[in-house]
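Peer 1: below is the structure, and that's it, no one-letter string:
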């Protein structure tokens, strides 16, 4: 798992062939439980659309602002 969504680790010289996608898991949690607090706050709205993005692009956060963290999170996944 790489909580920072550092896509560089998955590129040819990044050293990894795969990793746990916490964005996908964390989108499913509020969809199934209704939880909206803490870490889930970034994932609870528009869950179906966010899940579709994760399935298509790998990570949800690719440099966007995380409201929970108050800072950008992730790197672009284009080309993976």
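Peer 2: Right, received. Where do you want to start? Since the structure is predicted, the reported quantities are computational estimates derived from the model, not experimental observations.
Peer 1: against residue 64, how distant is the one residue sitting closest to the centre of the chain?
Peer 2: Among the residues of the chain, the one closest to the centroid is residue 23, at 3.2 Å (CA atoms, centre = their mean). Separation of residue 23 from residue 64 (CB to CB, to the nearest Å) stands at 11 Å. Just so you know, the C-beta spots here come from the backbone N, C-alpha and C atoms, and that holds for glycine as well.
Peer 1: ok, residue 35 next?
Peer 2: Distance from residue 35 to residue 64, by CB to CB: 21 Å.
Peer 1: tell me who's in contact with the residue lying closest to residue 5 once chain neighbours are set aside.
Peer 2: Of all residues not flanking residue 5 in the chain, residue 74 sits nearest, at 3.3 Å (CB to CB, 6 or more residues apart in numbering). Under the criterion of CB atoms under 8 Å, 6 or more residues apart in numbering, the neighbours of residue 74 are 4, 5, 6, 7, 59, 60, 61, 62, 63, 64.
Peer 1: is the fifth one located within a helix, as I assumed?
Peer 2: No: checked against DSSP: H, G, I helix; E, B strand; the rest coil, residue 59 lies outside a helix; its state is coil.
Peer 1: in contact with the closest residue in space to it that isn't next to it in sequence, which residues?
Peer 2: The spatially closest residue to residue 59, leaving aside those adjacent along the chain, is residue 5, at 4.4 Å (CB to CB, 6+ apart). By CB under 8 Å, 6+ apart, residue 5 lies in contact with 23, 59, 61, 62, 73, 74, 75.
Peer 1: repeat that for residue 66.
Peer 2: Neighbours of residue 66 in contact, by CB under 8 Å, 6+ apart: 42, 72, 73.
Peer 1: got the contact list for the first one?
Peer 2: Taking CB under 8 Å, 6+ apart as the criterion, residue 42 is in contact with 26, 61, 66, 67, 68, 69.
Peer 1: out of those, which are inside helices?
Peer 2: residue 26 (DSSP state H).
Peer 1: what stretches of this protein score poorly on pLDDT?
Peer 2: Applying pLDDT under 70 to the chain flags no residue at all.
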